[in-house]
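Undergrad: okay, structure incoming, though there's no sequence with it:
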Ligand SMILES: Cc1ncc(COP(=O)(O)O)c(C=O)c1O
């Protein structure tokens, strides 16, 4: 039986009426990928206020790896609700915070002693990672990568790469942030090809210490193990071992921003595990809270203790409901084998998407690490000129045919999949069928062009 069911044209009348109220009451800044208003959700399905049923391939931007309202999360929240809501960990501590910190200390890569700070959002986690790295190293500078996204607060905008719509008009940003090229093989900044490039981009870090900022001034190198907003770019195997080796040599901390790639998204708890390196600090958020707002900074104990008493924290960080929800969500990942499920979805996607690459010349590149899957759309596979217009049309077609998915990429030309990992194979295929129909629809006018070589 099909999951998608559209009863009205979308958006339906109730969604349209709510959008009018939204436009009058809320600034235009917060963007919507779709103009439908939700009524209820479950698993990988969202029903809107007009009774239309959509398959959700966005998961609230990767926050629902364990699905919409899994029963165990629902019941953990209800149980907590009976006890207490807000206390403030800085006023009256509670066990849920401690239990979740212990769990993250155990799940994150590295056998060394670790400690975890809980906060409210991904950006807040990155803010704190920078504070902690500076407190520990007593150095000011931070190195980040092209195409990185680390948040929308002032410090994290300094870390973020993409100018529009994130940075433009909001300057000035905090200083001592330096940027180098990422291992984006499909668009290599050096015009090289992997593996003959010998990972020039990774060794560019050493060069940066001569040309951009002295190594002894750098507190941390921060990287998303797999770029999220930047287009689901998966670096080659040895990239992070080279980067972390250079960091260690110069006493620089390596921070893995796992806000989007973490919590089982790529088939491991943390994407950096695919690379066999142990970050000094890991930030997580999004799917950590099982649907409630929560973020964490986990790191080597001695580093996490560098900030003084009262130097870290906040009113709401690690609130009891979010901690209960997160512990239940992490249990689901283990109980339901969602790491394996993520890897399975990635393979299923790649099988389909490789055929699309042959079928549709607008599909320039196919990328997947477990359930973190994407296609990059181009005008011409030879020139690899980005095709944001086609990408927009594909997203629109999908939504009009009952599939919610979102775009990514510095050039806005990537379709990314962040489907809840509890999606059934039948539902996943149904969603991929819609995406395939969208590619056919948008490609119909464009003649087939020469294929370029791809990473996958
Ligand atoms: C890798 C990464 N870091 C940080 C953030 C910021 O998280 P938040 O929106 O919760 O502040 C995001 C959000 O998309 C992200 O993908």
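TA: Structure received. Every value quoted in this text rests on a predicted model; they were computed, and no experiment measured them.

Undergrad: stretch 213-223 near the ligand at all?
TA: No - using CB under 6 Å from any ligand atom, stretch 213-223 stays clear of the ligand, with a minimum separation of 9.4 Å. For glycine as for every other residue, the C-beta is placed from the backbone atoms N, C-alpha and C.

Undergrad: what are the ranges of the helices in the stretch 201-350 of the chain?
TA: Assigned by DSSP state H, counting those that start in this stretch, the stretch 201-350 of the chain shows helices spanning 239-249, 301-304, 320-335, 338-359.

Undergrad: with the stretch 1-150 of the chain instead?
TA: 13-25, 59-62, 71-81, 95-107, 122-137.

Undergrad: in the first one, what's buried?
TA: Neighbour-count burial for helix 13-25 flags 14-16, 18 (criterion: 16 or more other CB atoms under 10 Å).

Undergrad: for the second one, same thing?
TA: By neighbour count, and taking 16+ other CB under 10 Å as the criterion, the buried residues in helix 59-62 are 59-62.

Undergrad: make TSV from those and add pLDDT and distance to the ligand to it.
TA: Formatted as TSV, these follow (pLDDT from 0 to 100; distance: CB to the nearest ligand atom, whole Å):
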residue	pLDDT	distance to the ligand
59	98	12
60	98	11
61	98	6
62	98	7
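
Undergrad: looking at the stretch 351-456 of the chain, which residue is nearest the ligand?
TA: Nearest residue of the stretch 351-456 of the chain to the ligand: residue 408, at 9.4 Å (CB to the nearest ligand atom).

Undergrad: could you give the bridge partners of that residue?
TA: Assessed by DSSP bridges, residue 408 has beta-bridge partners residue 414.

Undergrad: got the contact list for it?
TA: Neighbour list for residue 408: 228-232, 374, 414-416 [criterion: CB atoms under 8 Å, 6 or more residues apart in numbering].

Undergrad: most packed of the helices of the stretch 1-150 of the chain?
TA: The highest average neighbour count among the helices of the stretch 1-150 of the chain, using mean count of other CB atoms under 10 Å, belongs to helix 122-137 at a mean of 24.

Undergrad: got the buried residues for stretch 305-316?
TA: Within stretch 305-316, the residues scored as buried using 16+ other CB under 10 Å are 306-307, 312-313, 316.

Undergrad: and what of stretch 275-292?
TA: 275, 277-292.

Undergrad: and it, how far out from the chain middle?
TA: From the chain centre to the centre of stretch 275-292 is a distance of 10 Å (CA atoms, centre = their mean, to the nearest Å).

Undergrad: quick one: mean pLDDT over that stretch.
TA: For stretch 275-292, mean pLDDT is 98.

Undergrad: between the two ends of it, how far is it?
TA: 29 Å (CA to CA, to the nearest Å).

Undergrad: within range of the ligand, give me the residues from the stretch 1-150 of the chain.
TA: With CB under 6 Å from any ligand atom as the criterion, the stretch 1-150 of the chain meets the ligand at residues 61, 121-123, 126, 149-150.

Undergrad: mind putting those into JSON lines with distance to residue 46?
TA: Shown next, in JSON lines, are those (distance: CB to CB, whole Å):
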{"residue": "61", "distance to residue 46": "14"}
{"residue": "121", "distance to residue 46": "22"}
{"residue": "122", "distance to residue 46": "22"}
{"residue": "123", "distance to residue 46": "25"}
{"residue": "126", "distance to residue 46": "29"}
{"residue": "149", "distance to residue 46": "24"}
{"residue": "150", "distance to residue 46": "28"}
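
Undergrad: which members of those are the farthest-apart pair?
TA: In those, the most distant members under the criterion CB to CB are 61 and 126, with 15.8 Å between them.

Undergrad: about what we covered before: nearest to residue 71 among the buried residues of helix 59-62?
TA: Taking CB to CB as the measure, residue 59 is the one of those closest to residue 71, at 17.5 Å.

Undergrad: that closest one - nearest residue in space that isn't next to it in sequence?
TA: residue 418 (4.6 Å; CB to CB, 6 or more residues apart in numbering).

Undergrad: run a quick neighbour tally on the one you found.
TA: Neighbourhood size, residue 418 [other CB atoms under 10 Å]: 28.

Undergrad: swap in residue 237?
TA: 13.

Undergrad: show me the contacts for it.
TA: Counting by CB under 8 Å, 6+ apart, the residues that residue 237 touches are residue 275.

Undergrad: mind pulling up the pLDDT for it?
TA: For residue 237, pLDDT reads 95.

Undergrad: for the ligand, see how far away it is.
TA: Using CB to the nearest ligand atom, to the nearest Å, we find residue 237 at a distance of 21 Å from the ligand.

Undergrad: repeat that for residue 30.
TA: For residue 30, the distance to the ligand - CB to the nearest ligand atom - is 11 Å.

Undergrad: show me where pLDDT drops low in the protein?
TA: Scanning the chain for pLDDT under 70 picks out 445-456.

Undergrad: for the ligand, give me its nearest residue in the protein.
TA: The ligand sits closest to residue 122 of the chain, with a gap of 2.1 Å, by CB to the nearest ligand atom.

Undergrad: pretty sure that residue contacts residue 293?
TA: No - if you go by CB atoms under 8 Å, residue 122 and residue 293 don't touch, sitting 9.8 Å apart.

Undergrad: which ones are touching residue 275?
TA: 225, 235, 237, 239-241.

Undergrad: list buried residues within these.
TA: Buried, going by 16+ other CB under 10 Å: 225, 235, 239-240, out of the contacts of residue 275.

Undergrad: dump those to TSV, plus distance to residue 389.
TA: As requested, the buried ones among the contacts of residue 275 are exported to TSV (distance: CB to CB, whole Å):
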residue	distance to residue 389
225	30
235	28
239	31
240	34
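
Undergrad: nearest to residue 324, of the helices of the stretch 1-150 of the chain?
TA: When those are compared by CB to CB, helix 71-81 sits nearest residue 324, at 3.9 Å.

Undergrad: list the contacts of the closest one.
TA: Here helix 71-81 makes contact (CB under 8 Å, 6+ apart) with 66, 96, 290-292, 320-321, 323-325, 327-329, 331-332, 335.

Undergrad: quick one: that helix to helix 320-335, angle?
TA: Between helix 71-81 and helix 320-335, the angle comes out at 150 degrees (axes from the mean of the first three to the mean of the last three CA atoms, to 10 degrees).

Undergrad: between helix 95-107 and helix 71-81, find me the angle.
TA: 140 degrees.

Undergrad: now helix 71-81, how far from the centre of its chain.
TA: Relative to the centre of its chain, helix 71-81 is centred 25 Å away, using CA atoms, centre = their mean.

Undergrad: swap in stretch 310-321?
TA: From the chain centre to the centre of stretch 310-321 is a distance of 23 Å (CA atoms, centre = their mean).

Undergrad: quick one: end-to-end distance for that stretch.
TA: 23 Å.

Undergrad: what number of residues lie near the residue nearest to residue 401 when sequence neighbours are not counted?
TA: Counting by CB to CB, 6+ apart, residue 401 lies nearest to residue 434, which is 4.9 Å off, once chain neighbours are set aside. Neighbours of residue 434 under the rule other CB under 10 Å: 21.
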